[in-house]
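> coords below, sequence missing:
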Ligand SMILES: Nc1ncnc2c1ncn2[C@@H]1O[C@H](COP(=O)(O)OP(=O)(O)OP(=O)(O)O)[C@@H](O)[C@H]1O
């Protein structure tokens, strides 16, 4: 089963064209949708999750028409939205049980088994009776995954799940995600390149409502192999380099900018070649779009 998105468009009332003729086929496994803030990732995720309507286009999960068979898709969807609100005065155990009822798991002994297994899986068992208001950000996100996994979804959408997590919680969360996937379409929307690098067998770079690249991380890297050059420069040289070269990224190291430039050959003989990483792919696609 795969998810197919065809010619999807959305313009909001304020004139922002958030999805521009988006075409994507997403196979089972972990798919990374990588793009900066405002790229349109959440618009795409919400549309797939049947929470908003596109202006035009089609989405199919296998032979389910997502846009017209909303009840069908909702039965098989697990969704962790970007802003996942919890009821602060309810325990994880009670809320998960309640959501399980809403998801149609009506048999109480089956529900008990499912809820308890998910609390174990997300490492929240010891804190299951604690009110969610006392959970850390990472624990809330793990609870978010637990509720997304109720009722064995075939399609799981997680929207920017690691933003704001500390490194230990982020690792814990990514490990949890890595256990999903084989028989499920999992879409991980993120602006964090490392998340995609660590988890995803397939990915897209998305910006300004457009798909700029689609393929495996290896294909993405092969596309720019040998074309990324680096140099440490002085601060006041930055604008000149930007005017003359394709500066795809700049970062300060010990107070001085280090720039990465995209070029077929050493731009002026003074740069060093580097092994491109996924961040270079991401920045180069976005650079070449503008
Ligand atoms: N309901 C809305 N009404 C008007 N404009 C919107 C609405 N939702 C999103 N936008 C605009 O559409 C564009 C895409 O937003 P979207 O939230 O989909 O991006 P994103 O990639 O998820 O970014 P972020 O991580 O910042 O949420 C942005 O310019 C945003 O301001």
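Nice, thanks for sending it over. On a predicted model such as this, the values are computed, not experimentally measured, just so you know.
> so how far is residue 162 from the most centrally placed residue in the chain?
Residue closest to the average C-alpha location in the chain (CA atoms, centre = their mean): residue 189, at 1.4 Å. Here residue 189 is placed at a distance of 11 Å from residue 162 (CB to CB, to the nearest Å). Every residue, glycine included, has its C-beta placed from N, CA and C.
> returning to that earlier point: just checking, what packs against the helix or strand the residue nearest to the centre of the chain falls within?
Per DSSP states H and E, residue 189 falls inside strand 185-190. When contacts are defined as 3 or more CB pairs under 8 Å, 6 or more residues apart in numbering; DSSP states H and E, strand 185-190 sits against strand 29-34, helix 41-48, strand 155-159, helix 193-199.
> now it, how far from the centre of its chain.
Offset of strand 185-190 from its chain centre (CA atoms, centre = their mean, to the nearest Å): 5 Å.
> for stretch 141-155, same thing?
Mean-position distance between stretch 141-155 and its chain equals 15 Å (CA atoms, centre = their mean).
> start at 5 instead
Sure, I'll start counting at 5 from here, so that last one is stretch 145-159.
> Please name the residues that touch whichever residue of the stretch 105-254 of the chain sits closest to the ligand.
Nearest residue of the stretch 105-254 of the chain to the ligand, counting by CB to the nearest ligand atom: residue 164, 5.6 Å away. Taking CB atoms under 8 Å, 6 or more residues apart in numbering as the criterion, residue 164 is in contact with 45-46, 86, 193-195.
> check the residues you listed against the ligand, which are close?
45-46 (CB under 6 Å from any ligand atom).
> Can I get the contacts of residue 164 in JSON lines including pLDDT?
Below are the contacts of residue 164 laid out as JSON lines (pLDDT from 0 to 100):
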{"residue": "45", "pLDDT": "94"}
{"residue": "46", "pLDDT": "93"}
{"residue": "86", "pLDDT": "82"}
{"residue": "193", "pLDDT": "94"}
{"residue": "194", "pLDDT": "92"}
{"residue": "195", "pLDDT": "90"}
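> possible to save the contacts of residue 164 as TSV with distance to residue 75?
Shown next, in TSV, are the contacts of residue 164 (distance: CB to CB, whole Å):
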residue	distance to residue 75
45	25
46	23
86	24
193	24
194	29
195	32
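> Would you map the helices across this protein?
Using DSSP state H, the helices found in the chain span residues 45-52, 74-79, 96-106, 112-125, 141-152, 171-182, 197-203, 221-228, 242-248, 282-293.
> Same list, those helices, but as JSON lines with distance to residue 68 please.
Conversion of the helices of the chain to JSON lines gives the following (distance: least, CB to CB, whole Å):
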{"stretch": "helix 45-52", "distance to residue 68": "12"}
{"stretch": "helix 74-79", "distance to residue 68": "5"}
{"stretch": "helix 96-106", "distance to residue 68": "20"}
{"stretch": "helix 112-125", "distance to residue 68": "23"}
{"stretch": "helix 141-152", "distance to residue 68": "18"}
{"stretch": "helix 171-182", "distance to residue 68": "23"}
{"stretch": "helix 197-203", "distance to residue 68": "25"}
{"stretch": "helix 221-228", "distance to residue 68": "29"}
{"stretch": "helix 242-248", "distance to residue 68": "48"}
{"stretch": "helix 282-293", "distance to residue 68": "31"}
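> Same list (these) but as CSV, adding mean neighbour count.
As requested, those are exported to CSV (neighbours: other CB atoms under 10 Å):
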stretch, mean neighbour count
helix 45-52, 23
helix 74-79, 15
helix 96-106, 18
helix 112-125, 16
helix 141-152, 22
helix 171-182, 16
helix 197-203, 20
helix 221-228, 16
helix 242-248, 12
helix 282-293, 20
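> for those helices, which one sits closest to residue 33?
Closest approach to residue 33 among those is made by helix 197-203 (9.7 Å; CB to CB).
> other SSEs contacting that closest one?
strand 33-38, helix 171-182, strand 189-194, helix 282-293.
> Contacts for the first one next, please.
Pointing back at strand 33-38 there. For strand 33-38, contacts defined as CB under 8 Å, 6+ apart pick out 45, 48-49, 181-182, 184-186, 189-195, 197, 199-200, 203-210, 286.
> Give the partner strands of it in its sheet and their orientations.
Strand pairing for strand 33-38, using DSSP bridges, gives strand 189-194 (parallel), strand 206-211 (parallel).
> Just the terminal-to-terminal distance for stretch 158-168.
One end of stretch 158-168 to the other measures 27 Å (CA to CA, to the nearest Å).
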